[in-house]
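Student: Fold the following, please.
(2 chains)
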Amino acid sequence: GQSLEQPSEVTAVEGAIVQINCTYQTSGFYGLSWYQQHDGGAPTFLSYNALDGLEETGRFSSFLSRSDSYGYLLLQELQMKDSASYFCAVRDRDDYKLSFGAGTTVTVRA
Amino acid sequence: ETGVTQSPTHLIKTRGQQVTLRCSSQSGHNTVSWYQQALGQGPQFIFQYYREEENGRGNFPPRFSGLQFPNYSSELNVNALELDDSALYLCASSGTREISSYNEQFFGPGTRLTVL
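Tutor: Predicted structure coming up:
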């Protein structure tokens, strides 16, 4: 089976940088994904890391260390619209499902 | 390009009833996954359909069943509804069986099911 841990809440001010950590345990591993979900909305794909290292997409970056079973999502230059829940998700080599963490609620204050 | 659509948006049922939720996948996508998201939790995988066949199942009882049609749209059926089935049901589509495609899933807005 799989288990993922991420912090439940983070609060920061506009313009700040937030890092959301995710640790996982899985019997197999294809990669780590991140999804954003605004209240009542559909999760939207942010990033995917299959290999160790940092992937940068605009203000968002994602990092993976397979040896540490750890990754993080970095949100830079925070904007009010970034207030949302952020989920890390892994796919197990032996399965087709995506396993999601419980999510981190990011609140951006003015 | 049409995104993933789901119907209905909201639904209220009573215990013991049956429900059918519908999903139209994104144009060109042949794989559909269903997830259950309880309030304050991450989505939990129910099952996945690829070319009309079940292609993986999560830890959900058999009263959760599904179908995929030749146009790749899909249905989720839940029998003998229980109070704990109250949740947001999300459908997600992806393009092919390639690894990267499985990890980038396109979600619909969901159906909010309330069981009384």
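
Student: what's the pLDDT at residue 78?
Tutor: Using chain A here. With respect to pLDDT, A:L78 scores 98.

Student: I was after chain B.
Tutor: For B:V78, the model assigns a pLDDT of 98.

Student: for the closest residue to it other than its chain neighbours, what are its contacts?
Tutor: Closest residue to B:V78 apart from its sequence neighbours, by CB to CB, 6 or more residues apart in numbering or on different chains: B:V19 at 5.1 Å. For every residue, glycine as well, the C-beta is placed using N, CA and C. In this structure, B:V19 makes contact with B:11, B:13, B:77-78, B:81, B:113, judged by CB atoms under 8 Å, 6 or more residues apart in numbering or on different chains.

Student: any idea how far B:F69 is from B:V19?
Tutor: With the distance defined as CB to CB, to the nearest Å, B:V19 ends up 18 Å from B:F69.

Student: With adjacent residues omitted, what lies nearest to B:D85?
Tutor: Counting by CB to CB, 6+ apart, B:D85 lies nearest to B:V115, which is 5.1 Å off, once chain neighbours are set aside.

Student: Enumerate the beta-bridge partners assigned to the one you found.
Tutor: Under DSSP bridges, the beta-bridge partners of B:V115 are B:K13.

Student: Surely it touches B:L83?
Tutor: Yes: assessed by CB atoms under 8 Å, B:V115 is found in contact with B:L83 at 5.3 Å.

Student: Endpoint to endpoint, stretch A:19-34 covers what distance?
Tutor: 12 Å (CA to CA, to the nearest Å).

Student: Would you mind listing the buried residues in it?
Tutor: A:20, A:22-24, A:26, A:29-34 (16 or more other CB atoms under 10 Å in any protein chain shown).

Student: For chain A, what lies in contact range of chain B?
Tutor: Proximity of chain A to chain B, by CB under 8 Å from any CB of the partner chain, involves residues A:4, A:30-31, A:33, A:35, A:41-45, A:48, A:50, A:87, A:89, A:91, A:95-103.

Student: Now, of those residues, which are buried?
Tutor: For the residues of chain A next to chain B, buried by 16+ other CB under 10 Å: A:4, A:30-31, A:33, A:35, A:42-43, A:45, A:48, A:50, A:87, A:89, A:91, A:95-101, A:103.

Student: For A:T107, the count of nearby residues, please.
Tutor: Using other CB atoms under 10 Å in any protein chain shown, A:T107 is surrounded by 14 other residues.

Student: Beta-bridge partners for it, please?
Tutor: Beta-bridge pairing of A:T107 under DSSP bridges involves A:T11.

Student: I'd like to know which helix or strand in chain B has the lowest mean pLDDT.
Tutor: Scoring the helices and strands of chain B by mean pLDDT, DSSP states H and E places helix B:99-103 at the bottom, with a mean of 56.
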